[in-house]
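S.K.: I would like the atomic coordinates for the input below:
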Amino acid sequence: MSKTTKIKVKEKIISIVKKGEQDYICLTDMLKAKDGNFFITDWLRNRNTLEFLSVWETIHNPNFNYGEFAIIRNQSGLNSFKVSVKEWVEIT
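M.R.: Purely as a prediction, here's the structure:
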């Protein structure tokens, strides 16, 4: 069972999820606090970010869709490529 708490950092709210003995800081909250949603969208265009997310999903998500990820990975790096957090979750 995980427990979510919130902390205030420089007037911005950041979520922290506790699973067992581990605390996980919400990167999405941190990025939104820095530059809003634009930065998250830009971050998801980066091939290295997508590779990191695929490793994370492989470890923590037994339903990870490798086939769809391969399509996303092949498109990443192109100027026209863009994927939102919502699309990432739905596709993979």
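
S.K.: What distance do you get for the closest residue to Glu57 other than its chain neighbours to Thr58?
M.R.: Of all residues not flanking Glu57 in the chain, Phe64 sits nearest, at 4.2 Å (Cβ to Cβ, 6 or more residues apart in numbering). Where you see a C-beta, it was placed from the backbone N, CA and C, and this is true even at glycine. In this view, Phe64 and Thr58 are 6 Å apart by Cβ to Cβ, to the nearest Å.

S.K.: more neighbours, these two?
M.R.: Phe64 (15 against 12; other Cβ atoms under 10 Å).

S.K.: didn't the more buried one look like it was pressed against Val55?
M.R.: No: under the criterion of Cβ atoms under 8 Å, Phe64 is not in contact with Val55, lying 10.1 Å apart.

S.K.: Got phi/psi on the residue nearest to Glu57?
M.R.: Torsion angles at Phe64 (phi, psi; degrees, to the nearest 10) stand at phi -60, psi 130.

S.K.: so what's it up against?
M.R.: Ser54, Glu57, Thr58, Thr92 (Cβ atoms under 8 Å, 6 or more residues apart in numbering).

S.K.: again, but for Thr49
M.R.: Thr49 neighbours (Cβ under 8 Å, 6+ apart): Trp43.

S.K.: Domain parsing of this protein, as residue ranges.
M.R.: Per the record, the chain has its domains at 1-35, 44-92, by automatic domain parsing.

S.K.: I'd like those domains written out as CSV, with mean pLDDT added.
M.R.: Below are the domains of the chain laid out as CSV (pLDDT from 0 to 100):
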stretch, mean pLDDT
domain 1-35, 82
domain 44-92, 88
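
S.K.: Next, count neighbours for Leu31.
M.R.: By other Cβ under 10 Å, neighbour count at Leu31 equals 17.

S.K.: Give me the buried positions along the lengthiest helix in the chain.
M.R.: For the chain, the longest helix by residue count, based on DSSP state H, is helix 47-60. Residues of helix 47-60 classed as buried: Leu50, Leu53, Ser54, Glu57 (neighbour count, 16 or more other Cβ atoms under 10 Å).

S.K.: List the residues that contact the last one.
M.R.: Contact analysis of Glu57 by Cβ under 8 Å, 6+ apart lists Phe64, Phe69, Thr92.
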